[in-house]
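Asker: Just the structure for this:
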Amino acid sequence: MSADELTPIDCSVQPLGMSFHPSRDIAACGLVDGTVEFHDFSSRMKKKENNHVNHHDQEEEEEEDTIISSLEIHCNELPKCIQSWTDDGTQNGTTKSITSTAKRGPSCRSVLFSNIDDPDGGQCLFTAGNGGTLTSLCTERASSSSRDHSSALLWKIENVSPSGINTLHMLSSSSSSAAPSSSILVTGDDEGIVRLWDTRLCSSSSNNTNTTINNNNNNHHSFLPKGCISSFDHHKDYISGIASDQNGTTLLTSSADCTLGIIDIRMARNNKNHPHNPNSTQSSSSSLTNGSLLVKQSDAMDDELLSILPMKNDRKVVCGTQRGVLNIWSWNTWGDISDRFPGHPHSIDALLKVDESTLLTGGSDGLIRVVQIQPDKLLGILGTHDGFPVEDLAFTAHRKYVASLSHDHYVRLWDASLLRDDDTDNDTDTDDDNDTDNNNNAIAKKSKQKQAEEDDSEDDWQDDDDSEDENDNTKDSHCNHDSSDSDSDSDSDSDDARNAKKPKRFKTENEKFFADL
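Answerer: Numbering: from 1, shown residues only. All right, here's what the predicted structure looks like:
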């Protein structure tokens with residue numbers, strides 16, 4: 001198994017995050033220098049679909065630039081603190097900063113289009129930087145070819161996290177809570193803090209479309225920025241992945257502290273006494289108590305969890321680990337894993353769901369594998385990054401292509417029709433197997449009926465034989481007593497006829513000889 005590769009998207013510098021518009025052939029990339037780029041690759045897809053790509057066209061595509069706009073959103077940001085120690089071994093205040101460590105430059109770590117599961121979504125793009133800033137951009141204005149993108153910024157919240165936001169996630173469907181899930185954004189940072197944001201509240205005024213909120217409070221565990229409705233700090237290391245169930249009521253988090261986190265979204269939003277709820281009556285400096293009904297956490301595994309994905313219609317949760325093992329949890333049994341699938345030679349940094357039983361894994365060995373879960377089976381290799389680690393996987397609009405991200409300047413695109421063909425084949429095989437099983441069952445049933453009929457027939461024959469023996473004895477008795485009954489005469493005649501048919505009833509010469517003696 002190997003998919004055809006489309007000409008990759010060439011970014012200005014190395015991309016750290018990517019997101020694809022749910023209905024348009026547009027990709028947003030967050031770069032290592034803090035820039036956000038928009039790329040339009042529709043022309044390449046049309047040529048590929050029309051089979052007009054030849055060697056000359058491929059050379060033109062390589063020279064063609066897909067970039068349509070570039071915005072310096074996080075270029076002037078720096079991480080607020082670095083979790084480390086001073087040279088003398090003492091902790092420097094609450095930030096534990098150290099001047100001898102290497103300084104990190106600005107970067108845009110994660111980008112996400114709004115409501116990517118909705119074909120009508122993608123109106124705005126959320127971006128997160130390692131300086132702890134969270135922004136929202138208007139997709140139409142930001143992706144325009146105009147050089148002036150000042151009006152593209154909808155809102156900006158600074159100092160959201162002291163050490164930088166690592167991942168973004170948006171709840172996929174609505175629930176019965178006060179705020180619809182389509183407006184709930186989830187962030188995970190390097191300190192293990194998970195926060196829920198109501199995007200409608202992030203702008204201070206509906207009339208002001210360009211809002212910047214600066215949070216100068218250093219106590220990030222107790223102070224909540226505007227728009228944040230809940231905060232959780234049950235993890236002790238960076239958040240590597242965030243996922244949610246199909247109903248948008250349960251939030252799943254994977255962390256480098258080797259644990260899986262489970263958050264009940266409904267209770268998190270409806271708990272008025274929660275210290276991180278905007279309507280809470282408690283003091284904002286109150287510490288968060290992770291109650292058993294609100295937040296659950298798995299036992300510490302023996303390896304870091306680097307990626308997470310719900311499978312089997314939310315009956316299983318799969319996490320990729322540092323040692324190349326897929327850890328599998330059963331829903332509502334969060335203490336320990338229920339199954340594990342080894343086989344990857346290196347770490348599993350990215351997961352992408354194909355269907356409820358099939359997923360793609362991106363490993364640090366540069367291979368994109370197609371894996372089946374329960375029964376566990378490696379189906380093949382979708383593509384390779386020539387030894388560079390695969391950091392992220394995503395589907396393009398309408399799931400036509402699989403996009404992968406690595407440590408170079410490219411976003412590679414792989415034809416996903418191979419996955420759809422496999423799905424069809426699996427469905428066909430399943431139907432054939434079902435038909436075969438039905439036929440086998442029908443055949444077995446008929447065989448049992450036939451055997452039962454034969455057994456009944458043998459019993460009938462046995463009964464007939466027994467009846468004949470009894471009749472023979474009765475007939476002999478009647479003959480000895482010289483009965484004058486017509487029925488007895490008839491039976492005697494029948495008996496004589498039978499005796500005539502059986503030679504052994506006639507006396508042999510020897511019998512006659514011994515009878516005379």
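Asker: what's the weakest-modelled helix or strand in the protein?
Answerer: Least confident helix or strand, the chain: helix 486-501 with a mean of 47, by mean pLDDT, DSSP states H and E.
Asker: What's the first helix or strand after that helix?
Answerer: helix 509-516 (DSSP states H and E).
Asker: okay, that following helix in CSV with CA atoms only?
Answerer: What follows is helix 509-516, C-alpha atoms only, in CSV (Å, rounded to 0.1, in the frame of the first residue of the first chain):
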residue,chain,number,x,y,z
GLU,A,509,-29.6,-84.2,4.8
ASN,A,510,-27.5,-84.1,8.0
GLU,A,511,-30.5,-82.9,10.0
LYS,A,512,-32.7,-85.6,8.6
PHE,A,513,-30.0,-88.2,9.4
PHE,A,514,-29.7,-87.1,13.0
ALA,A,515,-33.5,-86.8,13.3
ASP,A,516,-33.8,-90.5,12.2
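Asker: where does the protein dip in pLDDT?
Answerer: Along the chain, segments meeting pLDDT under 70 span 1, 49-63, 80-103, 173-182, 204-223, 268-293, 421-507, 513, 516-517.
Asker: can you pull out the helices in the stretch 251-400 of the chain?
Answerer: 265-270 (DSSP state H, counting those that start in this stretch).
Asker: Could you pull out the strands in it for me?
Answerer: Counting by DSSP state E, counting those that start in this stretch, the stretch 251-400 of the chain has strands at residues 260-264, 295-297, 305-311, 316-321, 326-330, 339-341, 348-353, 358-363, 367-372, 377-384, 392-395.
Asker: so which of these is the most packed in?
Answerer: Across these, averaging neighbours per residue (mean count of other C-beta atoms under 10 Å) puts strand 316-321 on top, at a mean of 25. For the C-beta atoms, the positions are set from N, CA and C on the backbone; glycine is no exception.
Asker: tell me the angle that one makes with strand 326-330.
Answerer: Per axes from the mean of the first three to the mean of the last three C-alpha atoms, to 10 degrees, the angle that strand 316-321 makes with strand 326-330 is 150 degrees.
Asker: if I pick residue 113, what's in contact with it?
Answerer: If you count contacts by C-beta atoms under 8 Å, 6 or more residues apart in numbering, residue 113 has them with 19, 20, 21, 22, 28, 121, 122, 124, 125, 126, 139.
Asker: ok, residue 420 to residue 183 distance?
Answerer: Separation of residue 420 from residue 183 (C-beta to C-beta, to the nearest Å): 32 Å.
Asker: Between those two, tell me which one has more neighbours.
Answerer: More neighbours surround residue 183 than the other of residue 420 and residue 183, with 17 against 14 (other C-beta atoms under 10 Å).
Asker: ok, that one - contacts?
Answerer: Contacts of residue 183 by C-beta under 8 Å, 6+ apart are 198, 199, 200.
Asker: Can you flag the buried ones in those residues?
Answerer: 198, 199 (16 or more other C-beta atoms under 10 Å).
Asker: got the contacts of residue 183 as a markdown table, with distance to residue 394 and secondary structure columns?
Answerer: Formatted as a markdown table, these follow (distance: C-beta to C-beta, whole Å; DSSP: H, G, I helix; E, B strand; the rest coil):
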| residue | distance to residue 394 | secondary structure |
| --- | --- | --- |
| 198 | 25 | strand |
| 199 | 21 | coil |
| 200 | 26 | coil |
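Asker: Identify, from the contacts of residue 183, the entry nearest to residue 296.
Answerer: residue 198 (23.4 Å; C-beta to C-beta).
Asker: how about the closest residue to residue 143 other than its chain neighbours, what does it touch?
Answerer: Leaving aside its sequence neighbours, residue 143 sits nearest to residue 38 (C-beta to C-beta, 6 or more residues apart in numbering; 4.3 Å). By C-beta under 8 Å, 6+ apart, the contact list for residue 38 reads 26, 27, 28, 29, 67, 68, 69, 70, 142, 143.
Asker: does residue 38 have beta-bridge partners, and which?
Answerer: Under the criterion DSSP bridges, residue 38 forms beta bridges with residue 28, residue 69.
Asker: circling back: of the contacts of residue 113, just the buried ones, ChimeraX syntax please.
Answerer: In ChimeraX syntax, the buried subset of those is picked out as below (16+ other C-beta under 10 Å):
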select :19,20,21,22,28,121,122,124,125,126,139
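Asker: Cross the contacts of residue 113 against helices and list the overlap.
Answerer: Using DSSP state H, the subset of those located in helices is residue 139.
Asker: Let's see which of the contacts of residue 113 end up in strands.
Answerer: Counting by DSSP state E, these place 19, 20, 28, 124, 125, 126 in strands.
Asker: I'd assumed residue 122 was in contact with the third one.
Answerer: No: because the distance of 9.5 Å does not satisfy C-beta atoms under 8 Å, residue 28 is recorded as not touching residue 122.
Asker: Which neighbours do those two have in common?
Answerer: The contact lists of residue 28 and residue 122 share 21, 113, where a contact means C-beta under 8 Å, 6+ apart.
Asker: For residue 144, grab the count of nearby residues.
Answerer: So residue 144, with other C-beta under 10 Å, has 16 neighbours.
Asker: That one falls within a strand, correct?
Answerer: No: Residue 144: not assigned to a strand; according to DSSP: H, G, I helix; E, B strand; the rest coil it is coil.
Asker: What is the neighbour count of the closest residue to it other than its chain neighbours?
Answerer: Using C-beta to C-beta, 6+ apart and skipping the chain neighbours, the partner closest in space to residue 144 is residue 69 (6.5 Å). The number of residues packed near residue 69 is 19, by other C-beta under 10 Å.
Asker: Now do the contacts for residue 69.
Answerer: So residue 69 contacts 37, 38, 142, 143, 144, 145, 146, 149 (C-beta under 8 Å, 6+ apart).
Asker: For the fourth one, list the residues it contacts.
Answerer: By that I understand residue 143. With the criterion set at C-beta under 8 Å, 6+ apart, residue 143 makes contact with 26, 38, 40, 68, 69.
Asker: Output these in CSV; the columns should cover distance to residue 161.
Answerer: Shown next, in CSV, are the contacts of residue 143 (distance: C-beta to C-beta, whole Å):
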residue, distance to residue 161
26, 28
38, 25
40, 32
68, 30
69, 27
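Asker: which among those residues gets closest to residue 330?
Answerer: residue 26 (38.5 Å).
Asker: Skip the chain neighbours and tell me the closest residue to the closest one.
Answerer: residue 40 (5.6 Å).
Asker: burial count for the one you found?
Answerer: Neighbours of residue 40 using other C-beta under 10 Å come to 19.
Asker: try residue 332
Answerer: 9.
Asker: gap between it and residue 301?
Answerer: 18 Å.
Asker: swap in residue 113?
Answerer: 32 Å.
Asker: Equivalent analysis for residue 167, please.
Answerer: 19 Å.
Asker: same check, this time on residue 335
Answerer: The value you get for residue 335 to residue 301, if C-beta to C-beta is used, is 11 Å.
Asker: Who has more neighbours out of those two?
Answerer: Using other C-beta under 10 Å, the more surrounded residue of residue 335 and residue 301 is residue 301, with 19 against 11.
Asker: Without its sequence neighbours, what residue ends up closest to that one?
Answerer: In space, residue 301 is closest to residue 258, 4.4 Å off (C-beta to C-beta, 6+ apart).
Asker: Next, the distance between the ends of stretch 340-356.
Answerer: 17 Å (C-alpha to C-alpha, to the nearest Å).
Asker: just checking, residue 308 touches residue 241?
Answerer: Yes: the pair residue 308 and residue 241 passes the contact test of C-beta under 8 Å, sitting 3.9 Å apart.
Asker: Tell me how many other residues crowd residue 117.
Answerer: 12.
Asker: ah, wrong one, I meant residue 165
Answerer: 26.
Asker: give me every residue that touches it.
Answerer: 109, 110, 128, 129, 130, 132, 133, 134, 187, 188, 189.
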